[in-house]
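# when you get a sec, could you give me coordinates for this:
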Amino acid sequence: MSAARRRGRHTAGGVRRDSLPPEPPSSPSDIGVAATAVAGAADTTGVPSRPADAVVDAASRPVATAAPRSGTASAQQRPAEPAPGATSEYLSQPIVQNPPIVQNPPVAQNPPIVQNQPNVHDRQTAPPDAGPADQSRPQRLRRANRRRPAVRAKVPNGRVSIWGSIRAEFVKTLGLRSTYWLMALTVVFYPMGAALSAWSVWFTSTIDDNGNRLATPKPIPAADLWMAVSGMTSTVALIVGIFGVMAITSEYSTKSIQATFVANPRRADVIEAKSFVVGVLSFAASLIGLMISWGMLAAVSNGWNVTPLSGDQWRLPWISLFGAALAAALAAKIALGVGAICRATPGGIFALVGLLMIAPSILNIVAVMATRFAWINTVAAFMPSAAIDTFVRGGYQMSMVLSTGGADHFMPNWWQSFLILVGWWIVSEGIGTLAVKRADIR
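Sure, this is the predicted structure:
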């Protein structure tokens, strides 16, 4: 039996026992009257009866009740049924009814949703004479949106185009701090080299062949000043070459090349996009530096005795400005191919220095020491640095080389030197593209 039942607080039908009104106590006279009625009823039915005192004792003793069944009210909470022959006083006792069961309150329903309710900011107060068309601006806007044609996808079939790769390479390249440093050095080196070359040309015009100072400086050829404008192209080629190497090796060193190839699995397109970006930035920075050099020399040589260009020297201004910038861009593209072959920044820079500086120097030394191997001079002329020097001077240096007696072997002229640079670019970038396509990313 639970503690609630022992305390007499068991409920049935939602009514607690301690909440029922107490029954009035039975007086001894009532008990005796009931006992006499029970005895008389037993005599009339022929059932042996007990003495009245025994009936009184049984009525005065508490009656043990059985445990209530589950789902029914207990016997102690039900009103006692009157015995046959009970007095009207007992029968007149009120029967306590179970209190009514309180139902759950009704659940509040959600308010109805107002469909197509216009925005408060779109509501405008229409003038008094406005018609229905003027008062339905939100509806007209929705109809206009429905009539709007579908936007065409920028990436057809989910593939990245070559122009998309170029835009991505511009974003990545311009996000590197090294790009701005190298481009700034490119712009600065051209005026510095032009100033040194112009000073050397002016100083040479003030002395004679014996080294004596002249009272009146000799005339300065205009071709020398134009060559001074682009005189630092070979040195700038090393700077933009480092920029070209780092354009691809930096991604391999940081493993960001994996994300690049995931976005565009066509690796040849990635190399072409990088080559385009490197060439454009190198050409722009070199052209800015060359323009600054030209303006500076034009201001410095204003009072000098300068002879005009003659003969075929008319092409020198174009080659010194735009040709030198184009040569620097080709040098950067060659360096990009070298970096794609090495795929490491230290190895790519060392290979570039060996190609532009170490190898030509070794070939020139061997050509001077071994005069019978004249073909070495031709090999040295096909190196990128020698081709750059020959091209930016427009063939003016060619007459000087022929006068020294070195014409017994083939030497390319200025436009042939330009084709040599283009050939170096195609070969280096082609080999670099094959290396990138076949090599795994480590």
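# what ranges does this structure have for its strands?
Counting by DSSP state E, one finds strands in the chain at the ranges 11-12, 15-16, 220-221, 306-307.
# any stretches of the stretch 251-400 of the chain with poor pLDDT?
397-400 (pLDDT under 70).
# 90 - rerun?
When residues are selected by pLDDT under 90, those of the stretch 251-400 of the chain lie in 300-315, 364-377, 393-400.
# and the strands of the chain, which one is worst for confidence?
Lowest mean pLDDT within the strands of the chain: strand 11-12, at a mean of 44.
# what about the residue nearest to residue 162 when sequence neighbours are not counted, distance to residue 196?
Nearest-residue entry for residue 162: residue 269, 5.5 Å, with adjacent residues in sequence omitted and distances by C-beta to C-beta, 6 or more residues apart in numbering. (Glycine included, C-beta is placed from N, CA and C.) For residue 269, the distance to residue 196 (C-beta to C-beta, to the nearest Å) stands at 42 Å.
# more neighbours, those two?
residue 269 (18 against 13; other C-beta atoms under 10 Å).
# which residues touch that one?
160, 162, 165 (C-beta atoms under 8 Å, 6 or more residues apart in numbering).
# determine the number of other residues adjacent to the second one.
So that's residue 162. Close neighbours of residue 162, defined as other C-beta under 10 Å, add up to 15.
# and what of the first one?
A count of neighbours around residue 160, defined by other C-beta under 10 Å, yields 17.
# wait, doesn't it sit right on residue 262?
No: taking contacts as C-beta atoms under 8 Å, residue 160 lies outside contact range of residue 262: 10.6 Å.
# buried residues in the longest helix anywhere in the chain?
Longest helix in the chain, counting residues (DSSP state H): helix 267-300. Across helix 267-300, burial judged by 16 or more other C-beta atoms under 10 Å covers 267, 269-279, 281-283, 285-287, 289-294, 296-297.
# kindly report the same for stretch 348-363.
Using 16+ other C-beta under 10 Å as the test for burial, stretch 348-363 gives 348-349, 351-352, 355-357, 359-360, 363.
# cool, stretch 435-442 as well?
Neighbour-count burial for stretch 435-442, with 16+ other C-beta under 10 Å as criterion, is recorded at residue 436.
# ok, now stretch 412-424?
Neighbour counts using 16+ other C-beta under 10 Å place 412, 414, 416-418, 420-421, 424 of stretch 412-424 among the buried residues.
# now, these that are in helices?
414, 416-418, 420-421, 424.
# a markdown table for the residues you listed, including distance to residue 175?
Listed next are these as a markdown table, based on distance: C-beta to C-beta, whole Å:
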| residue | distance to residue 175 |
| --- | --- |
| 414 | 38 |
| 416 | 39 |
| 417 | 35 |
| 418 | 33 |
| 420 | 34 |
| 421 | 29 |
| 424 | 29 |
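# which one in those is the model shakiest on?
Out of those, that is residue 414, at 90.
# if you skip the residues just before and after it, what's nearest to that one?
Once flanking residues are discounted, residue 414 sits nearest to residue 395: 4.3 Å by C-beta to C-beta, 6+ apart.
# next one: phi and psi at that neighbour?
Backbone torsions of residue 395, given as degrees, to the nearest 10, read phi 90, psi 0.
# and it, how far from residue 412?
Distance from residue 395 to residue 412, by C-beta to C-beta: 10 Å.
# same check, this time on residue 246
30 Å.
# the stretch 101-250 of the chain: helices as residue ranges?
Assigned by DSSP state H, counting those that start in this stretch, the stretch 101-250 of the chain shows helices spanning 137-147, 162-174, 177-205, 222-229, 233-254.
# including distance to residue 438, could those go into a markdown table?
As requested, the helices of the stretch 101-250 of the chain are exported to a markdown table (distance: least, C-beta to C-beta, whole Å):
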| stretch | distance to residue 438 |
| --- | --- |
| helix 137-147 | 51 |
| helix 162-174 | 20 |
| helix 177-205 | 28 |
| helix 222-229 | 43 |
| helix 233-254 | 15 |
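# thought residue 166 was touching residue 270?
No: if you go by C-beta under 8 Å, residue 166 and residue 270 don't touch, sitting 10.1 Å apart.
# just to check, residue 294 is in contact with residue 321?
Yes: using C-beta under 8 Å, residue 294 makes contact with residue 321 at a distance of 6.6 Å.
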